[in-house]
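> A predicted structure for the sequence below; I have some questions about it.
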Amino acid sequence: MEPDEEDLGGRRLNDHASPTAALESLPVPKTDHVDLVTVKLPFVAPFGTSVHVWTDKEAMLMRLESGGVTAWSECVSDPDPFYFYETNSTARHIIKDFLLPLLEPGIPLGELEERFRRVRGHGMAKATIENGLLILIALQRGVPLHELLGCPAKKIMSGLSIGLKETPADLLTAVERAVARGYHRVKMKVKKGQDIDWVRAVRERFPTLRLMVDANGDYSLAETDRLRQLDAFDLMMVEQPLSYSDIYQHSLLQKEMRTAICLDESIHSLADAAAAVALGACRIINVKQGRVGGLMESMRIARYCADRGVDVWSGGMDETGIGRAVNIHLQTAEGFTLPGDTSETSVYFDEDIADPPVVLGEGGWIDIPEGPGIGVKVVPERILKRAIRWERLR
Ligand code: OSB
Ligand code: MG
């Protein structure tokens, strides 16, 4: 089957009530081969959070081959369940045993999503396939992913996520570097006992910096008084202060705090986002396309929030160049109003598996990688050098 422009019905996506209506009608392309390739890339420096310290990126990549066209996508899970319940192993299991058997060439992507709904949760596994198919379709048509998504090209805002440091001096050095580089905003990780004084130190040195904190769920409602102390620092937001599984208690906390709460871990779908907005559990949402099941659900959440005055930004999972590029394309969509965790590749990797690396341009802006699909090219030799497992599923 030869997909053509008619698949988009000659309409721009923005004409629709749903930002994904045209995408949902795209036929699932036929695939000749499907592989899962796990790569392991050392981090330039350990990445510390309240839940774990990661020293490398173990990324499970999906390779889709169709009529000589090869598309790569990235599963954003970690090998461990410390940030999110999915792991590279559960994603492999769900993809192999439950999702891939539902893939049928020619059915609309919307129907595939419907079939996927029978599998509860496991959004990162679903996103790996859905994003891979969208990238494949974009490559087959010779258009950039953002164009397939119906979004005009634009420069993307940058943001750095700074992990927990050993000393306040180390933290200040990292923030200084981010400011010198021109990042649009800086996020610092916090945890119980490594919070108020550390934020104060950064704020005193950088009085006007667009600054935010991320606790990865380290606090409970009993620590409301401590969290309220953050109100003194003019932060853009505090990300996921309470439990990874909570929405309701965040609504109670938000009533007690001036600083906007942003939910990350708690939001797995449009329905979660709607619940959080209705409850007033947050004023901002961090959309990670993998965590919510892929690009289409991400666009729906962003549109839903835009209609209700809730800001949205794209989170990151310290992805390789593949996932990093996907996040960049996603941010061309309506509703992504704030700088995300979209940083230069060199923050994490000396040598990535894709080229070119993400770099900040003039004024801290990021250009969308040029070319069809995600734009960046996966370098086969680097995949081979970094691969720790290669499994052909079809
Ligand atoms: O909580 O946003 C988070 C990385 C891994 C797991 C969770 C988180 C993060 C980040 C880094 O903050 C984001 C990035 O630079 O990709
Ligand atoms: Mg977070």
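Nice, thanks for sending it over. Ligands and ions are numbered 1, 2, ... in the order given.
> mind listing the helices for the stretch 1-150 of the chain?
21-24, 88-94, 109-116, 123-141, 145-148 (DSSP state H, counting those that start in this stretch).
> including distance to Val186, mean neighbour count and mean pLDDT, could the ones you listed go into JSON lines?
Quick note: C-beta positions are derived from backbone N, CA and C, even for glycine. As requested, those are exported to JSON lines (distance: least, Cβ to Cβ, whole Å; neighbours: other Cβ atoms under 10 Å; pLDDT from 0 to 100):
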{"stretch": "helix 21-24", "distance to Val186": "34", "mean neighbour count": "20", "mean pLDDT": "98"}
{"stretch": "helix 88-94", "distance to Val186": "29", "mean neighbour count": "19", "mean pLDDT": "98"}
{"stretch": "helix 109-116", "distance to Val186": "36", "mean neighbour count": "18", "mean pLDDT": "98"}
{"stretch": "helix 123-141", "distance to Val186": "26", "mean neighbour count": "25", "mean pLDDT": "98"}
{"stretch": "helix 145-148", "distance to Val186": "26", "mean neighbour count": "23", "mean pLDDT": "98"}
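> and of the ones you listed, who's closest to Ala215?
Shortest distance between Ala215 and these, using Cβ to Cβ, is found for helix 123-141: 21.7 Å.
> and the closest one, what does it pack onto?
Counting contacts by 3 or more Cβ pairs under 8 Å, 6 or more residues apart in numbering; DSSP states H and E, helix 123-141 is packed against strand 53-66, strand 69-75, helix 88-94, helix 109-116, helix 145-148, helix 295-307.
> that helix: how far from the chain's middle?
Its chain's average C-alpha position is 14 Å from that of helix 123-141, according to Cα atoms, centre = their mean, to the nearest Å.
> tell me if that helix is near ligand 1.
No. If you take Cβ under 6 Å from any ligand atom as the test, helix 123-141 misses ligand 1, and the best it gets is 11.7 Å.
> and that helix, C-alpha only, in CSV?
C-alpha atoms of helix 123-141 as CSV (Å, rounded to 0.1, in the frame of the first residue of the first chain):
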residue,chain,number,x,y,z
GLY,A,123,2.7,3.1,28.0
MET,A,124,6.4,3.0,27.4
ALA,A,125,6.1,-0.3,25.6
LYS,A,126,3.2,1.0,23.5
ALA,A,127,5.0,4.3,22.7
THR,A,128,8.0,2.4,21.4
ILE,A,129,5.8,0.8,18.7
GLU,A,130,3.5,3.7,18.0
ASN,A,131,6.3,6.2,17.7
GLY,A,132,8.3,3.8,15.6
LEU,A,133,5.4,3.4,13.1
LEU,A,134,4.9,7.2,12.9
ILE,A,135,8.6,7.7,12.2
LEU,A,136,8.5,4.9,9.6
ILE,A,137,5.5,6.6,7.9
ALA,A,138,7.3,9.9,8.0
LEU,A,139,10.4,8.3,6.4
GLN,A,140,8.2,6.6,3.7
ARG,A,141,6.7,10.0,2.8
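> that one to strand 53-66, inter-axis angle?
40 degrees (axes from the mean of the first three to the mean of the last three Cα atoms, to 10 degrees).
> start at 148, not 1
In the new count, where the first residue is 148, that last one comes out as helix 270-288.
> could I get the full set of strands for the protein?
Applying DSSP state E to the chain gives strands spanning 180-195, 200-213, 216-222, 307-309, 333-336, 358-361, 385-386, 408-410, 431-434, 458-461, 501-502, 524-525, 534-539.
> winner for burial among these?
Sort these by mean neighbour count, taking mean count of other Cβ atoms under 10 Å, and strand 385-386 sits at the top with a mean of 28.
> so what touches it?
334, 359-363, 374, 377, 404, 406-411, 433 (Cβ atoms under 8 Å, 6 or more residues apart in numbering).
> how far away is the residue nearest to Arg262 when sequence neighbours are not counted from Ala418?
Distance criterion Cβ to Cβ, 6 or more residues apart in numbering; nearest residue to Arg262, sequence neighbours excluded, is Leu249 at 4.3 Å. Distance, Leu249 to Ala418, using Cβ to Cβ, to the nearest Å: 21 Å.
> grab the nearest non-local neighbour of Pro228.
Per Cβ to Cβ, 6+ apart, closest to Pro228 is Thr234, 5.2 Å.
> tell me which parts of the protein are close to ligand 1?
Counting by Cβ under 6 Å from any ligand atom, the residues of the chain near ligand 1 are 230, 308, 361, 363, 411, 462-465, 488, 490.
> tell me the phi and psi of the closest residue to Leu410 other than its chain neighbours?
Leaving aside its chain neighbours, Leu410 sits nearest to Cys429 (4.4 Å; criterion: Cβ to Cβ, 6+ apart). Dihedral pair for Cys429: phi -160, psi 160, per degrees, to the nearest 10.
> so for Cys429, what pLDDT did the model give?
Here, the pLDDT recorded for Cys429 equals 98.
> which residues touch the closest residue to ligand 1 within the chain?
For the chain, the residue closest to ligand 1 is Gly463, as judged by Cβ to the nearest ligand atom, at 2.3 Å. For Gly463, the contact set (Cβ under 8 Å, 6+ apart) comprises 308, 435, 470-471, 474, 487-490.
> surely Gln401 is in contact with Ile408?
Yes. Look at Gln401 against Ile408 with Cβ atoms under 8 Å: they come within range, at 4.8 Å.
> shared neighbours of those two, which are they?
Residues touching both Gln401 and Ile408 (Cβ under 8 Å, 6+ apart) are 428-430.
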